[in-house]
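> fold the stuff below for me.
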Amino acid sequence: MTWETRIKATAVFVSMLAIFVGGWQYLQTQKVNAARPYLEKKLEWCEEAVRATSKLAVAREASARNETEFWQLYWGVMGLIENDSVRDAMVAFGRELKEKGGQSGDSDFDPTSAWGLTGLSLDLAHACRVELANEWSPHWRN
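Next up, the predicted model:
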């Protein structure tokens, strides 16, 4: 094989590789774009769930409205979107909330504590971040 033939073969190989990589990137972009409406709603609902749990975790007295908001998410839209880790975090928070009967009776409340509702709210936020990173972008995991 002459040098000229080798150069032509290499050029063809590089061109085919570029076409393949470009096509793969295009398909990946189309996949994310097709899922975008669902992923945006999922992000919105995860934000609502984290906001609801954090309100309940740091409030001196849980309001019935905040608890209702959490249970509506728990029994509703979160069931549409959650994977195992988000589901487990929601269930753990719900159990603790039921056990405590809200924050109003908790005289030793410490919002910086890693235990109880504060830690469970943070667990939910982390589970949501990992789940969304898996579907949107691995860079979110950091």
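> so for the protein, the centremost residue is which one?
Nearest residue to the geometric centre of the chain (Cα atoms, centre = their mean): Cys128, 2.7 Å.
> wait, what's in contact with that one?
Cys46, Ala49, Val50, Val86, Ala89 (Cβ atoms under 8 Å, 6 or more residues apart in numbering). C-beta: built from backbone N, CA, C; applies to glycine.
> 10 Å - rerun?
42-43, 45-47, 49-50, 78, 81-83, 85-86, 89-90 (Cβ atoms under 10 Å, 6 or more residues apart in numbering).
> so which elements touch the biggest helix by length in the chain?
Ordering each helix of the chain by length in residues (DSSP state H) puts helix 3-58 first. Counting contacts by 3 or more Cβ pairs under 10 Å, 6 or more residues apart in numbering; DSSP states H and E, helix 3-58 packs against helix 64-75, helix 78-81, helix 84-100, helix 116-135.
> just put those helices in JSON lines and tack on distance to Val14.
Formatted as JSON lines, the helices and strands packed on helix 3-58 follow (distance: least, Cβ to Cβ, whole Å):
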{"stretch": "helix 64-75", "distance to Val14": "52"}
{"stretch": "helix 78-81", "distance to Val14": "42"}
{"stretch": "helix 84-100", "distance to Val14": "42"}
{"stretch": "helix 116-135", "distance to Val14": "33"}
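> can you say which of those is packed in most?
The highest mean neighbour count among these, using mean count of other Cβ atoms under 10 Å, belongs to helix 116-135: a mean of 19.
> circling back: state the distance from the residue nearest to the centre of the chain to Arg87.
Look at Cys128 and Arg87: by Cβ to Cβ, to the nearest Å, they are 11 Å apart.
> what's the answer for Glu40, then?
21 Å.
> likewise for Trp75?
Distance from Trp75 to Arg87, by Cβ to Cβ: 12 Å.
> please tell me how far Ala57 sits from Glu69.
13 Å.
> quick check: Lys100 touching Gly116?
Yes: if you go by Cβ atoms under 10 Å, Lys100 and Gly116 touch, sitting 7.4 Å apart.
> before we move on, back to that, among the helices and strands packed on helix 3-58, which is nearest Val21?
helix 116-135 (22.5 Å; Cβ to Cβ).
> contact partners for the residue nearest to Ser54 when sequence neighbours are not counted?
Excluding its sequence neighbours, the residue lying closest to Ser54 (Cβ to Cβ, 6 or more residues apart in numbering) is Ser121, at 4.9 Å. Listed by Cβ under 10 Å, 6+ apart, the contact set of Ser121 reads 49-58, 89, 93, 96.
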